[in-house]
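Engineer: how would this look folded up:
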Amino acid sequence: MAFLSSMSVVASGLTAQQLRLDIVAENVTNSTTTRTENDGGAYRRKMVVFESETGRDGFRRAMARAADGLAPGAGQSTIGGVKVTQIVEDPSPLKLVYDPTHPDANEDGYVEMPNVDMVKEMTDAMAATQAYSANVTMMNTMKTVISEGLQIGK
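Structural biologist: Coordinates of the predicted model:
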């Protein structure tokens, strides 16, 4: 049933945007963290990398199916959506702030601060919220269409 595939696509979008919001929250929370557990350096901003799932097989696989005598859509997944492929650290340089009284200051009195920019984080949060909202609207529209379709059969 096509509507179940559509719900899967929308659900993948909701999940991806929720993770994106979680990463934004982590970045904002750690915007003043000068020492991390892993390497002891300042926190680095994280970003979510998305990849679309078309739900279609590649050309090579389609040709292999045709060579085996299978129908064009046989065994082919029709569910698409979006998936998170990785969470990467922002390679931009850390900020240097002069504060000789800070415990993490170097011998010159500078502290490496995280490369978290609040404007970027708020922009990313707003975009993720809008995308999440669009997916919720689509889910509600699909529920209405399905409900109305079931009323026709009465």
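Engineer: how far away is the residue located most distally from the centre of the chain from residue 146?
Structural biologist: If you look at how far each residue of the chain sits from its centre, by Cα atoms, centre = their mean, the farthest one is residue 154, at 41.4 Å. Separation of residue 154 from residue 146 (Cβ to Cβ, to the nearest Å): 14 Å. For glycine as for every other residue, the C-beta is placed from the backbone atoms N, C-alpha and C.
Engineer: ok, now which ones touch the nearest residue to residue 117 once chain neighbours are set aside?
Structural biologist: In space, and not counting its chain neighbours, residue 117 is closest to residue 45: 7.7 Å by Cβ to Cβ, 6 or more residues apart in numbering. If you count contacts by Cβ atoms under 8 Å, 6 or more residues apart in numbering, residue 45 has them with 27, 89-90, 92, 114-117, 120.
Engineer: can you do 7 Å?
Structural biologist: Applying Cβ atoms under 7 Å, 6 or more residues apart in numbering to residue 45 gives the contacts 27, 89-90, 114-116.
Engineer: just checking, what packs against the helix or strand hosting residue 23?
Structural biologist: For residue 23, the host element (DSSP states H and E) is helix 2-29. On a contact count with 3 or more Cβ pairs under 7 Å, 6 or more residues apart in numbering; DSSP states H and E, helix 2-29 meets strand 46-53, strand 81-89, helix 118-152.
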